[in-house]
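Engineer: mind looking at a prediction? Sequence and model below.
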Amino acid sequence: MPSYANRYISSLTRETYALILAGGRGSRLHELTNWRAKPAVYFGGKHRIIDFPLSNCINSGIRRVGIATQYKSHSLIRHVNRAWGHFKKELGESVEILPASQRYGDEWYCGTADAVFQNMDIIRHELPKYVMILSGDHVYRMDYGGLLAKHVETGADMTVCCIEVPCEEAAETFGVMTVDEEKRVRRFDEKPKMPSSIPGRPGTCLASMGNYVFNTEFLFEQLKKDAENEGSGRDFGHDIIPAIIEEHNVFAFPFREPGHDGQPYWRDVGTLDSFWEANMELVMPEPQLDLYDPTWPIWTYQEQLPPAKFIFDNDDRRGMAVDSTVSGGCIISGSVVRKSLLFSNVHIRSYCEIEESVILPGAIIQRNCRIRRAIIDRGCEVPAGVEIGFDRKVDEENGFRVSKKGIVLVTREMLTELSKKLERQERESKQLA
């Protein structure tokens with residue numbers, strides 16, 4: 001028989017509507033987000049970033065979810081329709097896409113708070129007691145039931161989910177909270193240059209994860225007030241939270257993984273370096289993010305594909321992958337792949353060496369290529385004989401983007417320009433001859 005605690009949390013999740021904010025561009029990912037919003041960026045071999053907050057909702061028992069979209073949302077909407085379009089409204093469950101549609105004026109979504117404000121009528125129609133607002137561009141696993149239970153237990157008007165991070169990492173990146181002994185928020189600084197440390201924990205601060213729980217009517221009241229404030233930036237971190245912490249009950253909820261005392265897994269894969277590092281963590285023997293855990297599956301859309309195939313077993317041409325993750329539809333033909341993550345339908349031709357690289361769906365690596373510490377975007381066809389990741393100057397001359405830590409990003413547009421450059425050089429060489 002289910003325990004009272006489980007029934008209590010199940011009741012809370014049924015009374016909750018989750019709104020995932022998925023309209024962000026993710027400009028620090030550069031060309032990876034030229035044609036897709038950050039929540040639609042591929043991650044982990046077969047998923048997209050949006051799959052993580054969505055899976056957290058479903059696994060937590062929250063089955064009424066809205067997704068606010070805006071920036072270049074086509075691939076995101078297509079993915080959500082394919083992967084998450086099977087929920088039945090008549091059964092009290094739904095995953096709905098809420099694009100910016102100028103419902104309350106002539107403006108598109110002008111900030112995180114405005115994105116919720118413009119969808120108040122849709123949320124109200126669901127009659128939820130609580131509204132959970134989630135960031136759509138972070139990778140983590142979390143049971144939201146504990147967050148909801150703590151929100152009710154403390155009598156909070158708003159609860160901010162937070163995580164401990166180094167001050168250096170949080171500077172100009174995350175909202176930072178100062179709390180009292182009861183975890184009540186006494187101060188909130190949005191992306192400060194010098195974050196305040198946790199008392200007794202120098203160098204560590206309490207950063208907002210961008211996840212909030214509100215009592216529904218309280219949320220609507222604050223959104224209406226904010227909408228009437230002409231000087232507001234329409235943002236939860238900049239405007240809503242600082243305006244309410246003095247007179248209302250705003251509490252922090254530190255994110256913890258059950259059974260673990262250490263830092264929980266949570267990644268803001270907002271830069272090329274952090275994106276590459278987070279994917280590389282998954283090829284470790286025992287990664288902190290366990291995508292193989294059947295008790296907390298990360299759902300996604302996956303087309304029906306044949307198994308991965310490794311062919312040729314000659315001394316000079318052996319198809320193999322070591323310490324790597326290889327998805328369905330991949331063919332490694334007489335090449336060696338080490339410490340890399342290959343998404344679906346990647347084809348690697350013979351005599352290639354691939355090391356510590358993330359190769360997105362549908363990429364083709366032609367013969368005799370050497371690739372190291374690189375991100376190869378979807379649908380790229382890397383010409384035969386190209387070396388990537390061995391000489392920063394050469395990579396930059398070839399038009400590839402190289403990050404601060406030396407990670408090389410390659411896209412189809414870059415390869416097109418490189419092909420034109422090589423053709424010009426070949427013509428000029430023939431003319432000189």
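Structural biologist: That came through, no problem.
Engineer: only C-alpha atoms for contact and neighbour calcs from this point on.
Structural biologist: Noted.
Engineer: what pLDDT does the residue nearest to D323 when sequence neighbours are not counted get?
Structural biologist: Sequence neighbours aside, K339 is the residue nearest to D323 in space, at 4.8 Å (criterion: CA to CA, 6 or more residues apart in numbering). pLDDT, K339: 98.
Engineer: list the contacts of K339.
Structural biologist: Listed by CA atoms under 8 Å, 6 or more residues apart in numbering, the contact set of K339 reads 280, 283, 322-324, 355-357.
Engineer: top of the residues you listed by neighbour count?
Structural biologist: For the contacts of K339, neighbours were counted using other CA atoms under 10 Å, and S357 has the most, 26 neighbours in all.
Engineer: quick check, it in contact with A374.
Structural biologist: Yes. Under the contact definition of CA atoms under 8 Å, S357 touches A374, with a separation of 4.7 Å.
Engineer: so what sits against both of the two?
Structural biologist: Jointly contacting S357 and A374 under the rule CA under 8 Å, 6+ apart are W276.
Engineer: hey, what's the residue lying closest to I388 once chain neighbours are set aside bridged with?
Structural biologist: Nearest in space to I388, with sequence neighbours left out and distances taken as CA to CA, 6+ apart, is I371 at 4.7 Å. According to DSSP bridges, the residues that bridge with I371 are I354, I388.
Engineer: now do the strands in the stretch 151-300 of the chain.
Structural biologist: Here the stretch 151-300 of the chain has its strands, by DSSP state E, counting those that start in this stretch, at 158-166, 175-179, 185-190, 204-215, 250-254, 266-267.
Engineer: pull the CA atoms of the longest one into PDB?
Structural biologist: Output for strand 204-215, consisting of C-alpha atoms alone and laid out as PDB, is shown next (Å, rounded to 0.1, in the frame of the first residue of the first chain):
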ATOM      1  CA  THR A 204      30.800  29.000  -2.400                       C
ATOM      2  CA  CYS A 205      27.400  30.700  -3.100                       C
ATOM      3  CA  LEU A 206      23.800  29.700  -3.400                       C
ATOM      4  CA  ALA A 207      22.700  30.000  -7.000                       C
ATOM      5  CA  SER A 208      19.200  29.900  -8.500                       C
ATOM      6  CA  MET A 209      18.600  27.000 -10.900                       C
ATOM      7  CA  GLY A 210      15.900  29.100 -12.600                       C
ATOM      8  CA  ASN A 211      13.200  26.800 -11.100                       C
ATOM      9  CA  TYR A 212      10.400  28.300  -9.100                       C
ATOM     10  CA  VAL A 213       7.200  27.200  -7.300                       C
ATOM     11  CA  PHE A 214       4.400  29.700  -6.800                       C
ATOM     12  CA  ASN A 215       0.900  29.600  -5.300                       C
END
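Engineer: assign D137 to helix, strand or coil.
Structural biologist: Taken by DSSP: H, G, I helix; E, B strand; the rest coil, the conformation at D137 corresponds to coil.
Engineer: residue contacts, it?
Structural biologist: Counting by CA under 8 Å, 6+ apart, D137 makes contact with 22, 24, 38-39, 49-50, 268-269.
Engineer: redo the residues you listed as CSV? Include neighbour count, distance to F117 and secondary structure.
Structural biologist: Converted to CSV, the contacts of D137 look like this (neighbours: other CA atoms under 10 Å; distance: CA to CA, whole Å; DSSP: H, G, I helix; E, B strand; the rest coil):
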residue, neighbour count, distance to F117, secondary structure
A22, 29, 15, coil
G24, 23, 17, coil
K38, 30, 22, helix
P39, 29, 21, helix
I49, 23, 24, coil
I50, 27, 21, coil
D268, 14, 25, coil
V269, 23, 27, coil
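Engineer: by pLDDT, rank those and give me the bottom one.
Structural biologist: Going through the contacts of D137 one by one, the lowest pLDDT turns up at G24, 83.
Engineer: F390 versus that one, what's the distance?
Structural biologist: To F390, G24 is 33 Å away according to CA to CA, to the nearest Å.
Engineer: I'd like to know how many residues surround the nearest residue to P383 once chain neighbours are set aside.
Structural biologist: Setting aside the residues directly before and after it, P383 is nearest to Q366 in space (CA to CA, 6+ apart), at 5.5 Å. Residue neighbour count, defined by other CA under 10 Å, stands at 18 for Q366.
Engineer: do the same with the one 4 residues further on
Structural biologist: As a burial measure, R370 scores 19 neighbours (other CA under 10 Å).
Engineer: brilliant, that's me finished.
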